[in-house]
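K.L.:
Fold the stuff below for me.
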Amino acid sequence: MRSKIYFLIFILLIFPIFSLDFKSFGDKVKNIPDKIFYYKALDGKKLAYRVLSPEKPKAVLIFVHGIVGYGKYYLPFAQELSNYGIKVYLPDLRGHGNSEGKRGDVPDSMTLVYDLGIFYQLVLKENPIIPVYLGGHSMGAGLTLKYVKELTLYPSGLILIAGGLPIERISSRSESLLKQKTISKVFQFLAPIFPHFRIISWDLSQKLEDPLLVTNYSLAFFNAAFPSNIKTIWEKINLPMLVIVGDRDEFYEKQDVERVFNTYKREDRSFIILEDTDHLDVLEKSIKYIVEWIIGGENGRF
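P.N.:
Residues are numbered from 1 along each chain as shown. You can find the predicted model right below:
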C-alpha cells in the first residue's frame, strides 16, 4: 500500500512542472557560458557536469537538479553561490541534459545512486581540504537523501530545496496544473507491469525548444530517483540539514511543511519557509540562507 502511495506522489510531483513558468526559468541561462565536463559511470556511460568556482572557494556544494531539467538551468543559482565563495558542481543525471543514457529510464533502482557515488568521490578528490555539502532541488532533494543513505556518506551537511520531504499528499493547488497526456492516462496502469516503458508523459503548456529536456519517464526511473523509506531516513540520518520550502509551493501545503518541521526538528537542522515563494523562485530566494548556513551561519563552520 505504501509503495502505491509513494508512486502516486512521484507521478503528481512531475506533472505540474511545465505549467510553471519554466520557459522563463530557461531564458535566464541562454547567455551564460556553458562549459561541460564528463566522468564515467560503472557501465561506461559518459555523465556530464558543470562546475562554477570562485578563485578561493570556502566550501563545495554538489547540487542535483529536479525532474525534466538538467544542470544548465541551475547556472544562475550556482553563479550567485560562487560569488559568495561556494564552489558548485551541477551533475546531469544519466538520460538528462548532456549525459548519456536512455532518456527517462534507468537500468535498475540503484543506478542513480552509484552514478552520484562515483561523482561524490571525484569531487572529494578534487577538493581534499574543503568541506563538501550535498543538496538538490525538488526531485534532486529526494535523490540526495537516497544516495547519502544507501552509500552511507558523511558530507558536511545536506541542503534540501523544495523537495525530499516526508509528506504523503500533494497540495490541491496542483490539480489545476496537471496536463497529463490522454494516452498516458490510458496506459499508466501498465507502468508496474512494464517498468521500463516510458509511458508517463504530459503535454507541454508552452513551446520549449530545448531537445535535452525530458518529458517521458518510466516507473523504473522513479524507483531509482526517490527513496521509498523517506520517513526512516529523516528519523535516522545524522547530518546537519538546511531545508527550504516556499509558502506557495505548488506541491506542498504550508501546514504540512510546518508539521514536518515540528516533527523532525533537531538542533542541527535549520528549517525555513519563504514567503510569497513558489517551486521555482525558491532557488533564487534561498541563496542568502545557503550562504549564511555554510559560510557564516548558525552551524559556525567558518
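
K.L.:
Give the buried residues for stretch 267-287.
P.N.:
269-274, 277-283, 285-287 (16 or more other C-beta atoms under 10 Å). (C-beta placed from N, C-alpha, C; glycine too.)

K.L.:
Next step: those residues restricted to helices.
P.N.:
Using DSSP state H, the subset of the buried residues of stretch 267-287 located in helices is 282-283, 285-287.

K.L.:
From the contact counts, what lies against the helix or strand encompassing residue 259?
P.N.:
Residue 259 belongs to helix 254-263 when elements are defined using DSSP states H and E. With contacts taken as 3 or more C-beta pairs under 8 Å, 6 or more residues apart in numbering; DSSP states H and E, helix 254-263 sits against strand 269-274.

K.L.:
State the mean pLDDT of the strand it packs on.
P.N.:
Averaging the model's pLDDT scores along strand 269-274 yields 97.

K.L.:
Could you check the angle that strand makes with helix 254-263?
P.N.:
160 degrees (axes from the mean of the first three to the mean of the last three C-alpha atoms, to 10 degrees).

K.L.:
my guess is residue 49 is in a strand, correct?
P.N.:
Yes. Judged by DSSP: H, G, I helix; E, B strand; the rest coil, residue 49 forms part of a strand.

K.L.:
what's around it, how many residues?
P.N.:
21 (other C-beta atoms under 10 Å).

K.L.:
so what's it bridging to?
P.N.:
Beta-bridge partners of residue 49, counted by DSSP bridges, are residue 37, residue 91.

K.L.:
Report the distance from the strand or helix carrying residue 81 to the chain centre.
P.N.:
Take DSSP H and E as the rule and residue 81 turns out to sit in helix 75-83. Distance of helix 75-83 from the chain centroid (C-alpha atoms, centre = their mean, to the nearest Å) equals 16 Å.

K.L.:
Mean confidence (pLDDT) on that helix, please.
P.N.:
Averaging pLDDT along helix 75-83 yields 95.

K.L.:
Run through the neighbouring helices and strands of that helix.
P.N.:
On a contact count with 3+ C-beta pairs under 8 Å, 6+ apart, helix 75-83 meets strand 46-52, strand 59-64, strand 86-91, helix 282-291.

K.L.:
can we see that at 7 Å?
P.N.:
Packing partners of helix 75-83 (3 or more C-beta pairs under 7 Å, 6 or more residues apart in numbering; DSSP states H and E): strand 46-52, strand 86-91, helix 282-291.

K.L.:
State the mean pLDDT of the helix holding residue 259.
P.N.:
Helix 254-263 carries an average pLDDT of 95.

K.L.:
Please point out which parts of it sit buried.
P.N.:
Of all the residues in helix 254-263, those buried under the rule 16+ other C-beta under 10 Å are 256-257, 260-261.

K.L.:
Could I get the full set of helices for this structure?
P.N.:
Assigned by DSSP H, the helices in the chain fall at 2-14, 22-27, 75-83, 111-126, 139-151, 182-187, 219-225, 230-236, 254-263, 282-291.

K.L.:
mean confidence for the fourth one?
P.N.:
Model confidence over helix 111-126, given as mean pLDDT, is 98.

K.L.:
helices or strands up against it?
P.N.:
Using 3+ C-beta pairs under 7 Å, 6+ apart, the elements in contact with helix 111-126 are strand 37-40, strand 59-64, strand 86-91, helix 139-151, helix 219-225.
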